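Chemist: what's the 3D shape of this:
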Amino acid sequence: MGQIFDFGDIKNNERTIRKTWDEFRAALSSGTFSYDNIEEAKKCTFLKVYNDLFHDSFGIEYSTIKLTELDGTQIGRGCVLKKDEAPDHERFIPKKEFITDDNRFSPPGVEWLYLALGNETAIHQCAQAECRSHVGDEFGFCHFKFNVAFADIKLVDLTIADNKTYEQLNQVLETYAQKQVKRGKKAAKALGRIPQYNVNKAGFKRLFTEWIVYTYSKLLSEQIFKPIDDSADKETMYAPFQTMTQYYSSLGYSDIIYGSTVSEVGRNIVLFNQNIAKPCGAIEKYTIL
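Modeler: This next block holds a predicted model:
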């Protein structure tokens, strides 16, 4: 039996996402709307398509998790230290007077908490990369723990498809379709005629929505989450991400999990409320080798 679905033209989809993202950023840069004006932002092609899929079609449910699902995952935050600096826990808490540059998901002065997420080795490597540390730098690292009072808050996980290939995503949908065709042929053989056969529409819709959400998430991850050069205008480059944060917040989300653009291991999590996690344990201080 031949392949039922045509999963080709990924490159064209990549170009389309990149084009609409660039248009989204240009509209923000020109002042067409501000990063926190979500209703106007939804008129832009990128967010309109995203909202149709992830909100109106309930696709975001596939990338929604609760904080309790991160139990057992390590989190932490690092910083490059000054010579002979002896940091305490407060050193790792963001304070608006020191946040003078744009972060990926928040503008200057916003005290959101960015943490590395993963196993013990990964969070150290990820934190060092995110801090742009170099060999010979003195580095401080502090573990954090989630506050159980926030156990039921919702997070959006933008990394759901990072460890999957397009072939793996496509195979799930193709296998389902092949089974449906075989089922129809078997019924036709037994009855001696082609029966009136109805595919489980609800089941197919669920599977198709899952496939398109994962595929779109992977395309976004590969095309949008790119390293930003130190010489780039961060206000312009980060504005679309900051708008997306306002969009997620408007839907009731409190955190975002996203892939690091500078580290091959670990992930990042940004907490809109820094009370969701607190520093804990002894602070590590070491020299980057």
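Chemist: Count the neighbours of residue 259 for me.
Modeler: For residue 259, the count of nearby residues is 15 (other Cβ atoms under 10 Å). Yep, even glycine has a C-beta here, placed from its N, CA and C like the rest.
Chemist: tell me the contacts of it?
Modeler: By Cβ atoms under 8 Å, 6 or more residues apart in numbering, the contact set of residue 259 is 158, 159, 162, 221, 225, 267, 268.
Chemist: Against residue 57, how distant is the last one?
Modeler: Pointing back at residue 268 there. For residue 268, the distance to residue 57 (Cβ to Cβ, to the nearest Å) stands at 27 Å.
Chemist: ok, the two, which is more surrounded?
Modeler: Each of residue 268 and residue 57 has its neighbours counted (other Cβ under 10 Å); residue 268 has more, 26 against 15.
Chemist: For stretch 247-265, list every residue counted as buried.
Modeler: Of all the residues in stretch 247-265, those buried under the rule 16 or more other Cβ atoms under 10 Å are 247, 248, 253, 254, 255, 256, 257, 258, 260, 263.
Chemist: Distance to residue 283 and pLDDT added to the residues you listed, as JSON lines?
Modeler: Shown next, in JSON lines, are those (distance: Cβ to Cβ, whole Å; pLDDT from 0 to 100):
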{"residue": "247", "distance to residue 283": "35", "pLDDT": "96"}
{"residue": "248", "distance to residue 283": "31", "pLDDT": "95"}
{"residue": "253", "distance to residue 283": "30", "pLDDT": "95"}
{"residue": "254", "distance to residue 283": "26", "pLDDT": "94"}
{"residue": "255", "distance to residue 283": "24", "pLDDT": "95"}
{"residue": "256", "distance to residue 283": "26", "pLDDT": "96"}
{"residue": "257", "distance to residue 283": "25", "pLDDT": "96"}
{"residue": "258", "distance to residue 283": "26", "pLDDT": "94"}
{"residue": "260", "distance to residue 283": "22", "pLDDT": "93"}
{"residue": "263", "distance to residue 283": "21", "pLDDT": "94"}
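Chemist: Show me which of the contacts of residue 259 are buried.
Modeler: Buried members of the contacts of residue 259, counted by 16+ other Cβ under 10 Å: 158, 159, 221, 225, 267, 268.
Chemist: is it true that residue 219 lies in a strand?
Modeler: No - counting by DSSP: H, G, I helix; E, B strand; the rest coil, residue 219 is not part of a strand but helix.
Chemist: OK, contacts around it?
Modeler: Neighbouring residues of residue 219 by Cβ under 8 Å, 6+ apart: 10, 13, 14, 17.
Chemist: re the thing from before, out of the contacts of residue 259, which comes closest to residue 133?
Modeler: residue 268 (15.6 Å; Cβ to Cβ).
Chemist: SS state for that closest one?
Modeler: Here residue 268 is recorded as strand under three-state DSSP.
Chemist: Make TSV out of the contacts of residue 259 and add pLDDT and distance to residue 104.
Modeler: Shown next, in TSV, are those (pLDDT from 0 to 100; distance: Cβ to Cβ, whole Å):
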residue	pLDDT	distance to residue 104
158	94	11
159	94	14
162	92	16
221	88	13
225	89	9
267	95	13
268	96	8
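Chemist: What is the nearest of those to residue 31?
Modeler: Residue 31 lies nearest to residue 225 out of the contacts of residue 259, by Cβ to Cβ, at 25.3 Å.
Chemist: okay but that closest one is in contact with residue 256, surely?
Modeler: No - between residue 225 and residue 256 there is no contact under Cβ atoms under 8 Å: 11.5 Å.
Chemist: Out of the buried residues of stretch 247-265, give me the two with the largest separation.
Modeler: For those, the farthest-apart pair by Cβ to Cβ is 247 and 263; their separation is 25.6 Å.
Chemist: which non-adjacent residue is nearest residue 135?
Modeler: Setting aside the residues directly before and after it, residue 135 is nearest to residue 288 in space (Cβ to Cβ, 6 or more residues apart in numbering), at 5.5 Å.
Chemist: can you pull the contacts of that neighbour?
Modeler: Residue 288 makes contacts with 128, 133, 134, 135, 136, 137, 138, 139, as judged by Cβ under 8 Å, 6+ apart.
Chemist: Can you tell me which of those residues has the most neighbours?
Modeler: Neighbour counts for these, by other Cβ under 10 Å, peak at residue 128, which reaches 22 neighbours.
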